[in-house]
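J.: could you look at this predicted model? Sequence included:
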Amino acid sequence: MKRTAFLYADDSTGLTGLGMRLKKLGFDIVAPPETARLLERTGINVTDTEFLIGETAHSHLGETLHPKIYAALVAEDSEVDNAILARSGFPRIDFVYANVCSLVNEANMGSHALEKVAEKLDIEGLAILLSAIKGRRIIMCQMEQIRFILDELKSSNFMRGGEVSSSFLSTLAGVAGREAATICARIAHFYGHTMLQ
């Protein structure tokens, strides 16, 4: 059974190591252009999302989540959803690594940094995290999770059609949800703080 991993990284630390481990397990890897180029430079075979989408995924107005990627993140393993994905040419995403811009430094800036913070808002990354939670995907947002996740994939025989436990998916969704909530809290803190200045 073919499994697909989607890698999206604001910070590329540890990314090539993750890519190599996923390829060794048997995953096909899909990634946005910048991440795909980084992985390809280290010899990892990866498919660029723009190749699968068949057009430039983002406009000059900014990045958001393309409908084909959203569908691949939330589609159920059903006849109807599989037919929709087959028509789209985009594979079902089983594993997601989403390392989203955390705004950890920007959230402490003053009102002079309004444009910089707005520019750094990672709408696509947050949409990936939330869509992966909705789709009950295997989602990793911190490199520290790698051993825990890969051990579960091996023990559940996931790559040969096995399924991971619901409690495992809930644990991962909880971590990803906290990550998204932390980023949103930083946004709220920044804009609330700058309004008082």
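T.: Okay, I see it. Predicted, not measured: the structure shown is a model, and the values here were computed from it. Numbers count the residues shown, from 1 in each chain.

J.: just the helices from the chain, written as ranges.
T.: 15-25, 33-41, 49-53, 67-74, 79-88, 114-120, 123-134, 146-155, 166-195 (DSSP state H).

J.: could the ones you listed go into TSV alongside mean neighbour count, distance to Asn99 and mean pLDDT?
T.: For every residue, glycine as well, the C-beta is placed using N, CA and C. Compiled in TSV, the helices of the chain are given as follows (neighbours: other C-beta atoms under 10 Å; distance: least, C-beta to C-beta, whole Å; pLDDT from 0 to 100):
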stretch	mean neighbour count	distance to Asn99	mean pLDDT
helix 15-25	17	8	95
helix 33-41	16	10	92
helix 49-53	16	16	86
helix 67-74	20	16	93
helix 79-88	12	25	91
helix 114-120	13	14	64
helix 123-134	21	8	92
helix 146-155	15	12	94
helix 166-195	15	9	85
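
J.: return the distance of the residue nearest the centre of the chain relative to Leu25.
T.: The residue lying closest to the centre of the chain (C-alpha atoms, centre = their mean) is Ala98, at 3.1 Å. Distance of Ala98 to Leu25, given as C-beta to C-beta, to the nearest Å: 19 Å.

J.: what's the closest of the helices of the chain to Thr4?
T.: Thr4 lies closest, by C-beta to C-beta, to one member of those: helix 67-74, at 7.8 Å.

J.: what sits against Glu79?
T.: Contact analysis of Glu79 by C-beta atoms under 8 Å, 6 or more residues apart in numbering lists nothing.

J.: I'd like to know how many residues surround the nearest residue to Leu169 once chain neighbours are set aside.
T.: Leaving aside its sequence neighbours, Leu169 sits nearest to Arg136 (C-beta to C-beta, 6 or more residues apart in numbering; 5.3 Å). If you count neighbours by other C-beta atoms under 10 Å, Arg136 ends up with 16.

J.: what number of residues lie near Cys101?
T.: 17.

J.: go on, Ser78?
T.: 9.

J.: Asn157 versus that one, what's the distance?
T.: Applying C-beta to C-beta to Ser78 and Asn157 gives a distance of 22 Å.

J.: same question for Leu15.
T.: Using C-beta to C-beta, we find Leu15 at a distance of 26 Å from Asn157.
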